[in-house]
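> let me see the structure of the following:
(one chain, ligands or ions: 1)
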Amino acid sequence: MIAAARYVVVGAGIHGLSTGYHLARELESRGLGSGADIVVLDKSRPGAGASGIACGVVRNNYFQPAMSELMQACVEAWESDPAAYAYNPVGYIALGAAVQEADLAATYERQERIGYRSELILGEAEVDAHMKALFPDWRAKGVTVCLHEHQGGFAFNQDSVHGLHAKARGEGVTVLSGVEVTGFEDAADGSIAAVETSEGRIEVGEQVVVAPGPWAKQFWAMLGLPDTIDVHTPSGEVARDRPMWTYWNLQEGEVGVDPLLFATADGGAPPVIHLDTDAPLAGDDGRLLTDELWGIYFKRDRHSVQGGASPLVVEDDVVLDPYPQTTDIDPAFPDLFCAGLSHSMSRFEGCRALYKDARSGGVGAFTVDNFPVFDYFRPNLYGIFDSNHGYKMIGVGREVAGVLLGGHSRLLYPFRFERFATGDLHPVSSSPYPWS
Ligand SMILES: Cc1cc2nc3c(=O)[nH]c(=O)nc-3n(C[C@H](O)[C@H](O)[C@H](O)COP(=O)(O)OP(=O)(O)OC[C@H]3O[C@@H](n4cnc5c(N)ncnc54)[C@H](O)[C@@H]3O)c2cc1C
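Okay, the predicted model is just below:
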């Protein structure tokens, strides 16, 4: 076990590994050091957290300008090495009901401005025609807007983590599994002098980065940060004592159809689809499941069609370990997911019988405004708290590496913790999801 390191990164998920890899490259290219100066610690192993179970969707469909610009940079990172990252650039389609038209139109206009390749289709008949050209058996109802992103797509979760892991190791970064961080030792000036772990103390030469994914609240407590905070809104109002962290169960599952069944009309790989509609949803047996706004997202996986639906708040104290086995999925989820697939395309009729009863989904930690917090919390401790947005954010580690070496990141600045005190919050969309 090592006793000291210049840079200690905690968490070997997408963010910790991306930070380790990019920091190593930056140190090397600036003649300031190398990967040998960096250690990444994980209490389990690379990909043991949310990054290893994420659906893997990579999209730019964000109503918030800062999210959209950051995501554009992240998509470029995915595109830089699709093979290593197991990235499938198949595109992404968001389909919505009338209530979402204005948001998706605004998102499209911004994508146009920043040069992100996408198309907007408005009107029920026009959307239907666009989708039927891709999938002749398309039959979803109540959809009046479609944002078709020609960039983005999805990546295979464990494979992309292993790709990043290999890149980091290739730069000389040490990645240690089975080392749990249990606390931090403070120096007199408030900086972190050492990281305490299950395997002993690691003295910090320069900086610490924590990228704990769903374990955010535990690190928040270790750093003595408050459980509740006051949130200043742009209008000047103050919401007092809001819980900093909320946990949601991300509901996901898969149907064991031949993945090639889900192909475009010309036999190509299908884009990821996210459908929200207020059309009544019934199962293939005719039983009404809901007549309120509902939504599902789905993609072609290696052995199935996989996806999810709106997440559920964890009401009681969250139990994270062993991750992700503690996740509670609504017993009604399989019916909704399969009926949603069948509602979309007739090729999925009867797929409920093929629903895989394997445990799927996972718990995510969301900040008080549901957007990431990227910031310094001690003079030498940087936190990557992504509010469960972040598998797609593979480029954040590159930005963080620049900040650690004294730079400013225009892309990360809107996510500073100070925004809750200044009211510099992100605009809120009409989406039913906490991540749009
Ligand atoms: C079911 C599900 C589906 C998702 N789908 C998508 C999606 O399609 N697209 C998308 O962009 N995002 C998605 N997300 C969100 C995304 O997965 C996360 O935001 C992202 O993976 C977080 O990455 P991370 O590196 O911060 O954390 P993680 O990948 O969770 O890594 C944190 C690591 O820290 C380690 N750790 C924890 N505590 C300690 C400790 N005390 N000491 C040492 N190590 C510790 C853990 O073992 C873990 O490996 C999904 C999330 C879930 C749960």
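> the stretch 101-250 of the chain: strands as residue ranges?
Along the stretch 101-250 of the chain, the stretches classed as strands by DSSP state E, counting those that start in this stretch are 118-122, 145-149, 153-155, 174-177, 181-186, 192-197, 200-210, 228-232, 238-243, 246-250.
> export whatever helix or strand residue 22 lives in as CSV, just CAs?
Assessed by DSSP states H and E, residue 22 sits inside helix 14-29. The C-alpha coordinates for helix 14-29 follow below in CSV (Å, rounded to 0.1, in the frame of the first residue of the first chain):
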residue,chain,number,x,y,z
ILE,A,14,-16.4,7.5,-15.2
HIS,A,15,-15.3,10.7,-13.4
GLY,A,16,-12.5,9.5,-11.2
LEU,A,17,-10.9,7.5,-14.1
SER,A,18,-11.4,10.3,-16.6
THR,A,19,-9.8,12.8,-14.1
GLY,A,20,-6.9,10.4,-13.5
TYR,A,21,-6.3,9.9,-17.2
HIS,A,22,-6.5,13.5,-18.3
LEU,A,23,-4.5,14.8,-15.4
ALA,A,24,-1.7,12.4,-16.2
ARG,A,25,-1.7,13.6,-19.8
GLU,A,26,-1.7,17.3,-18.8
LEU,A,27,1.1,16.8,-16.2
GLU,A,28,3.1,15.0,-18.9
SER,A,29,2.5,17.5,-21.7
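> report whether stretch 168-180 contacts the ligand.
Yes: counting by CB under 6 Å from any ligand atom, the ligand has neighbours in stretch 168-180: residue 180. C-beta here means a position set from N, CA and C on the backbone, and glycine is covered the same way.
> check which residues of that stretch are buried.
Neighbour counts over stretch 168-180 (16 or more other CB atoms under 10 Å) mark 168, 169, 171, 173, 174, 175, 176, 179 as buried.
> could you check the pLDDT of the third one?
Okay, so that is residue 171. Note for residue 171: predicted pLDDT of 98.
> residues contacting the residue of the stretch 201-350 of the chain found nearest the ligand?
Closest residue of the stretch 201-350 of the chain to the ligand, CB to the nearest ligand atom: residue 213 (2.2 Å). Counting by CB atoms under 8 Å, 6 or more residues apart in numbering, residue 213 makes contact with 11, 13, 15, 49, 50, 51, 365, 386, 390.
> distance check, it against residue 369.
Residue 213 is 18 Å from residue 369, where distance means CB to CB, to the nearest Å.
> number of residues surrounding residue 353?
9 (other CB atoms under 10 Å).
> surely it is in a helix?
Yes: looking at residue 353 with DSSP: H, G, I helix; E, B strand; the rest coil, it is inside a helix.
> tell me which helix or strand residue 70 sits in.
Residue-wise, residue 70 maps onto helix 65-80 under DSSP H and E.
> show me what that helix packs onto, helices and strands only.
The contact analysis (3 or more CB pairs under 8 Å, 6 or more residues apart in numbering; DSSP states H and E) places helix 65-80 against strand 57-58, helix 101-114, helix 396-404.
> so what would you say the end-to-end distance of stretch 367-386 is?
Stretch 367-386 has an end-to-end distance of 8 Å (criterion: CA to CA, to the nearest Å).
> buried residues in that stretch?
Going by neighbour count (16+ other CB under 10 Å), the buried part of stretch 367-386 is 367-375, 377-378, 380-386.
> once you drop chain neighbours, what's closest to residue 290?
With CB to CB, 6 or more residues apart in numbering as the criterion, residue 290 has its nearest non-adjacent residue at 5.1 Å, and that residue is residue 281.
> tell me who's in contact with the one you found.
288, 289, 290, 291, 294, 336, 339, 340, 343 are the contacts of residue 281 under CB under 8 Å, 6+ apart.
> ranking those residues by neighbours, who comes first?
Among these, the one with the most neighbours (other CB under 10 Å) is residue 343, at 26 neighbours.
> quick one: the helix or strand where it lies to chain centroid distance?
According to DSSP H and E, residue 343 maps onto helix 333-344. Chain-centre distance of helix 333-344: 23 Å, with CA atoms, centre = their mean, to the nearest Å.
> the next helix or strand after the helix holding residue 22 - what's its average pLDDT?
Downstream of helix 14-29, the first helix or strand assigned by DSSP H and E is strand 38-42. Averaging pLDDT along strand 38-42 gives 98.
> what does strand 38-42 contact?
Contact partners of strand 38-42, identified using CB under 8 Å, 6+ apart, comprise 2, 5-12, 16-17, 20, 23-24, 27, 48, 168, 173-179, 181, 195, 197, 202.
> using CSV, list the CA coordinates for it.
Provided in CSV are the C-alpha atoms of strand 38-42 (Å, rounded to 0.1, in the frame of the first residue of the first chain):
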residue,chain,number,x,y,z
ILE,A,38,-1.6,10.0,-9.3
VAL,A,39,-3.4,7.3,-7.4
VAL,A,40,-7.1,6.4,-7.9
LEU,A,41,-8.7,4.6,-5.0
ASP,A,42,-11.9,2.5,-5.1
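> excluding covalently adjacent residues, which one is nearest to residue 241?
Sequence neighbours aside, residue 228 is the residue nearest to residue 241 in space, at 4.4 Å (criterion: CB to CB, 6+ apart).
> can you pull the contacts of that neighbour?
241, 242, 243, 244.
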